[in-house]
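*Asks:* fold the following, please.
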Amino acid sequence: LTKGAENMLRVTRDKQAKAQISVELKYAYSNLDLLQRELADINEALEVYQDTSACLPMIPLGLKETRPLDYEPALADFIEEHYSARRDDYRHCFVELNRLREAARRPLRSEQGVADIFVYLNHLWYLDRRFFAPWRSHSLFFHWFDSFTGVAFTQRSLAFEKACMAYNLAAVCSQLALSSARQQPEAALKWLLRSWGAILFVAENYTNAPSMDMKSAVLEMTANLLRAQAYECQYQLDYQQQQPSQQPQSKPNSIQGLAEFYLVRAQAAEFISDVFNNVDTRLSGDILRYSDFIPDTWLTLVQLKTNYFKGLARLALANFMVDALALSGTAVPVAEVVTRLTEVLLARNSRKPTTSGELRAFARLYAAEAMSCFEEAIRLMSLNKKLSDLAVCSNTLNRLHSKARTLHMDIELEPSAQLVSFYSSGIRARIGRALSPDEPNFHRHPVQDLFTALGPIGFFNSRNAWSQPREIRLHRGEGDGGGSGSFGFSLAGEAPVTVASVDDSGQAKANGLEPRDVVIGVGDQDVKWASHEHLSRLIRESRSALRLWVVSPLETPRPPQQQQDESANAGGGSVTGSVRSVTGGGLHQMQAAGKSGQQSWRKRLSGSWLFRRRKARSESAGRRGGGNKESAKSTL
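*Replies:* Numbering: from 1, shown residues only. All right, here's what the predicted structure looks like:
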């Protein structure tokens, strides 16, 4: 309605109509702004999914909301029209499908909630094959709301439903990570990697999303945020389980041990600071204008953690030099300490410390820089009410700032200009263990087709066409010597079994049986799923009369333009993609071919949006029932 009012405002010349439309638009915009602010408050509630009393909070992703949907009215008509079946026979299937969607729409924050989303996504593969085709229209509309702005978007594309559910999969995983981050850091890291992988799965397999939260640039920013938080969780797991200041007896007693203890974590903290700085750069980009819809707390927390980890890196280097000097007083080999520092610093040509006094001055320089970083983090925290209300933020930052200030004040020497030049180039960022996203593994949650009774999905699907079922009545001819004769046709392949050949002079030909006909019934028995052997036995065991039900494959009624490019659509840009889903039969590769759309961006805005998939792949692999196998053939 808002888009229509905007279009009318541009084209109308009636001043009274323009004034009325302007008033309505202002009212609509005010409601949208109010909704966006309310959603921002929800997304900024960092304490909902995590224990914020231990350390700095993390950022969870919010779920995309959707309206309830009943598949039966639209798809039941398709069953009658396309499959020539009774809709009442599949009512229980639609009830179960609606139940699965409702469970995935409001998932539990647990393993069961993740499993519910996976199960529904796997069922969508069957649903796509059974009822959806690029050249067929339907009356289903999927209503989803932007998780940042709250704006509703409506699409007919099943790919839109899949992508939104996959996004919610990432959101639930991120919330599970935060709920277990303090008690079970290993589990938190696992969930963050799964959330990161789910976001990348959406970004790589879907495009042309109408909602802002699923734009390619926003998904990239979200993936970087989850990646940064995964490394943050790894840092806590590897380096913050034991504090050396609390356990003095555990401190290393050699320069090599101190280097492995302090310098490794300094490089890791610098690496994480760079990752958060990259996220901040994406969030602060003028082109993308993230600040219009990204919660302010997210922006502030990312900047805060950039300075927080930067300060940790410099504090670790200062502690390394002070503890190294404390090992054996002035007898410590300064050259060995400087060599260790050179391995982690970016400066190469500056003058290096040569005495223990210069080394202490060098440590004081790092302590001052760490103190400055923590002061900036405290300033950022004070600018955001949500973060200021969290005691853990102020306690953590003030404690580290006090630690850096104490270390700085204990060193009375002032660094020389050359030492400042040596220090100013920064720390070489390095992480000990690189993390990789855990992409959605659909085969962990196998499902069975709810609409199995429609027949093997390799043939009985929305992409194929066939004639109306017809009845063939045959009588067994007389054989030589008084034995029973044949019906005059042969069968080939497995479910569904097809007619391989028909005798030109036989009664099967005369009664309308043709080669390539698919046998779907023998008498009153449904044989769509019958094997070649079973169907042959049924026919041979019949008496003098045989009643077959068959359908004939037809040419798929695709429009001419669709035959050239199945992904072309007048509403938006075309894309290609693959969506993996695991069923009871194995791993399936979803296919959607496409080429670049020719419409301009302005034309796309005026048309209906497309939401399609990337990377076309063959979907013949893993198809349950397979194709017809010529190795099985019998004459009847």
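*Asks:* right, and Leu450 touches His123 too?
*Replies:* Yes. In this structure, Leu450 is within contact of His123 by C-beta atoms under 8 Å, at 6.7 Å. C-beta: built from backbone N, CA, C; applies to glycine.
*Asks:* give the residues shared as contacts by these two.
*Replies:* Common contacts of Leu450 and His123, defined by C-beta atoms under 8 Å, 6 or more residues apart in numbering, comprise Leu97.
*Asks:* more neighbours, those two?
*Replies:* His123 (22 against 19; other C-beta atoms under 10 Å).
*Asks:* buried residues, whatever helix or strand the more buried one lives in. List them.
*Replies:* Under the criterion of DSSP states H and E, His123 resides in helix 111-131. Neighbour counts over helix 111-131 (16 or more other C-beta atoms under 10 Å) mark 113-131 as buried.
*Asks:* what's the distance between it and the middle of its chain?
*Replies:* 14 Å (C-alpha atoms, centre = their mean, to the nearest Å).
*Asks:* Thr396 contacts Leu56, doesn't it?
*Replies:* Yes. Between Thr396 and Leu56 there is a contact under C-beta under 8 Å: 6.0 Å.
*Asks:* longest helix in this protein, please.
*Replies:* helix 296-328 (DSSP state H).
*Asks:* what residues sit buried inside it?
*Replies:* Buried, per 16+ other C-beta under 10 Å, within helix 296-328: 297-325, 327.
*Asks:* for the stretch 351-500 of the chain, just list every one of the strands.
*Replies:* All strands of the stretch 351-500 of the chain, identified by DSSP state E, counting those that start in this stretch, fall at 465-466, 470-475, 489-492, 498-502.
*Asks:* now for the first one, which elements pack on it?
*Replies:* Pointing back at strand 465-466 there. strand 553-554 (3 or more C-beta pairs under 8 Å, 6 or more residues apart in numbering; DSSP states H and E).
*Asks:* contact partners of the strand it packs on?
*Replies:* If you take C-beta under 8 Å, 6+ apart as the criterion, strand 553-554 is touched by Phe459, Asn464, Ala465, Trp466, Ser467, Arg516, Val518.
*Asks:* just checking: what are the partner strands of that strand?
*Replies:* strand 465-466 (antiparallel) (DSSP bridges).
*Asks:* what pLDDT, on average, does the partner strand get?
*Replies:* For strand 465-466, the mean pLDDT works out to 90.
*Asks:* from here on, call the first residue 396.
*Replies:* Got it, the first residue is 396 from now on, which makes the last one we talked about strand 860-861.
*Asks:* related to what we said a few turns ago, from the contacts of strand 948-949, list the buried ones, please.
*Replies:* For these, buried by 16+ other C-beta under 10 Å: Phe854, Trp861, Val913.
*Asks:* the second one and Ala480: what is the separation?
*Replies:* In this case it means Trp861. Separation of Trp861 from Ala480 (C-beta to C-beta, to the nearest Å) stands at 13 Å.
*Asks:* if we can go back for a sec, who has more neighbours, Thr791 and Leu451?
*Replies:* The neighbour count for Thr791 versus Leu451, taken as other C-beta under 10 Å, is higher for Leu451 (21 against 18).
*Asks:* now the strands for the stretch 546-695 of the chain?
*Replies:* For the stretch 546-695 of the chain, applying DSSP E, counting those that start in this stretch gives strands covering 547-550, 601-602.
*Asks:* redo those strands as JSON lines? Include mean neighbour count and distance to Ser931.
*Replies:* Output for these, formatted as JSON lines (neighbours: other C-beta atoms under 10 Å; distance: least, C-beta to C-beta, whole Å):
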{"stretch": "strand 547-550", "mean neighbour count": "18", "distance to Ser931": "47"}
{"stretch": "strand 601-602", "mean neighbour count": "26", "distance to Ser931": "46"}
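*Asks:* nearest to Glu866, out of those strands?
*Replies:* Among the strands of the stretch 546-695 of the chain, the nearest to Glu866 by C-beta to C-beta is strand 547-550 (41.7 Å).
*Asks:* what's that closest one packed up against?
*Replies:* Using 3+ C-beta pairs under 8 Å, 6+ apart, strand 547-550 sits against strand 537-540.
*Asks:* where in the stretch 896-1031 of the chain is pLDDT low?
*Replies:* Applying pLDDT under 70 to the stretch 896-1031 of the chain picks out residues 952-1031.
*Asks:* in a markdown table, list the strands of the stretch 746-895 of the chain along with distance to Pro748.
*Replies:* Below are the strands of the stretch 746-895 of the chain laid out as a markdown table (distance: least, C-beta to C-beta, whole Å):
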| stretch | distance to Pro748 |
| --- | --- |
| strand 860-861 | 81 |
| strand 865-870 | 94 |
| strand 884-887 | 85 |
| strand 893-897 | 85 |
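*Asks:* report the buried residues of the strand or helix carrying Leu736.
*Replies:* Using DSSP H and E, Leu736 sits in helix 729-739. By neighbour count with 16+ other C-beta under 10 Å, helix 729-739 contains the buried residues Val729, Val732, Val733, Arg735, Leu736, Val739.
*Asks:* what about the first one, distance to Pro605?
*Replies:* When distances are taken as C-beta to C-beta, Val729 and Pro605 turn out to be 63 Å apart.
*Asks:* check contacts around the closest residue to Ala711 other than its chain neighbours.
*Replies:* Leaving aside its chain neighbours, Ala711 sits nearest to Ala661 (3.8 Å; criterion: C-beta to C-beta, 6 or more residues apart in numbering). By C-beta under 8 Å, 6+ apart, the contact set of Ala661 is Leu707, Ala708, Arg709, Ala711, Leu712, Phe715, Val739, Ile822.
*Asks:* the first one touches Phe666, doesn't it?
*Replies:* When you say that, I think you mean Leu707. No. Using C-beta under 8 Å, Leu707 is not in contact with Phe666, being 11.2 Å away.
*Asks:* please save the CA atoms from the helix holding His518 in CSV.
*Replies:* In CSV, the C-alpha atoms belonging to helix 506-526 read as follows (Å, rounded to 0.1, in the frame of the first residue of the first chain):
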residue,chain,number,x,y,z
GLU,A,506,18.6,-28.7,19.9
GLN,A,507,15.0,-29.6,19.2
GLY,A,508,14.3,-26.2,17.8
VAL,A,509,17.2,-26.5,15.4
ALA,A,510,16.0,-29.9,14.4
ASP,A,511,12.5,-28.6,13.7
ILE,A,512,13.9,-26.1,11.2
PHE,A,513,16.1,-28.7,9.5
VAL,A,514,13.2,-31.1,9.2
TYR,A,515,10.9,-28.4,7.6
LEU,A,516,13.7,-27.3,5.2
ASN,A,517,14.2,-30.9,4.1
HIS,A,518,10.4,-31.3,3.5
LEU,A,519,10.5,-28.1,1.4
TRP,A,520,12.7,-30.0,-1.1
TYR,A,521,9.8,-32.5,-1.6
LEU,A,522,7.3,-29.7,-1.7
ASP,A,523,9.3,-27.9,-4.4
ARG,A,524,9.5,-31.0,-6.5
ARG,A,525,5.9,-32.0,-6.0
PHE,A,526,4.0,-28.7,-6.3
